[in-house]
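Chemist: following is a predicted model, sequence given first.
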Amino acid sequence: MDGVNDFESLEVIKRIEMNTEYLKNIVDLLSVCNDHQKELNIMVQDILGIAKAPDKEEAQNRYRSVMKKIGDFSAITSSALNIMKLSSLASTVLQMVMSSK
């Protein structure tokens, strides 16, 4: 393989890894049964809404809105792991949108 194909293969592998982690975080968040399940479900839907943004500017606006909701949610939950997963998920979706549009 030449250098260009090696680089392209590496990029594909990185995207697959990122998508796999993204899916794992969604499953983890949605499978946890706790007092705030409804809020978690709504936030996951809002995060997925970032991917539906028609352009980068709207994706960034949706990301900021989601991050504010995550911050507000952190005030009512003691689960730092859920906050970290939500934040990571939102950042991953935004990165995917920004690199694809």
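Modeler: Good, I have the coordinates.

Chemist: list the buried residues of the helix or strand where Leu86 lies.
Modeler: Secondary structure from DSSP states H and E places Leu86 in helix 80-100. For helix 80-100, burial by neighbour count (16 or more other Cβ atoms under 10 Å) applies to 82, 85-87, 89-90, 92-94, 96-97. From N, CA and C alone the C-beta is placed, and that goes for glycine too.

Chemist: stretch 25-36 too?
Modeler: Neighbour counts over stretch 25-36 (16+ other Cβ under 10 Å) mark 25, 29, 36 as buried.

Chemist: one step back: what residues does the helix holding Leu86 touch?
Modeler: For helix 80-100, the surrounding residues in contact (Cβ atoms under 8 Å, 6 or more residues apart in numbering) are 18-19, 21-22, 25-26, 28-29, 32, 36, 40, 43-44, 47-48, 50-51, 53, 56, 59-60, 63, 66-67, 70, 73-74, 77.

Chemist: among the buried residues of helix 80-100, show me the least confident.
Modeler: Of all the buried residues of helix 80-100, Asn82 has the smallest pLDDT value, namely 82.

Chemist: and the residue nearest the centre of the chain?
Modeler: For the chain, Leu89 is the residue whose C-alpha lies nearest the centre (Cα atoms, centre = their mean; 2.2 Å).

Chemist: what about Pro54, is that helix, strand or coil?
Modeler: coil (DSSP: H, G, I helix; E, B strand; the rest coil).

Chemist: let me know the pLDDT of it.
Modeler: Predicted confidence (pLDDT) for Pro54: 94.

Chemist: quick one, phi psi at it?
Modeler: Main-chain dihedrals, Pro54, degrees, to the nearest 10: phi -70, psi -20.

Chemist: got the contact list for it?
Modeler: Pro54 touches nothing, counting by Cβ under 8 Å, 6+ apart.

Chemist: tell me which helix or strand Leu29 sits in.
Modeler: Assigned by DSSP H and E, Leu29 falls in helix 3-31.
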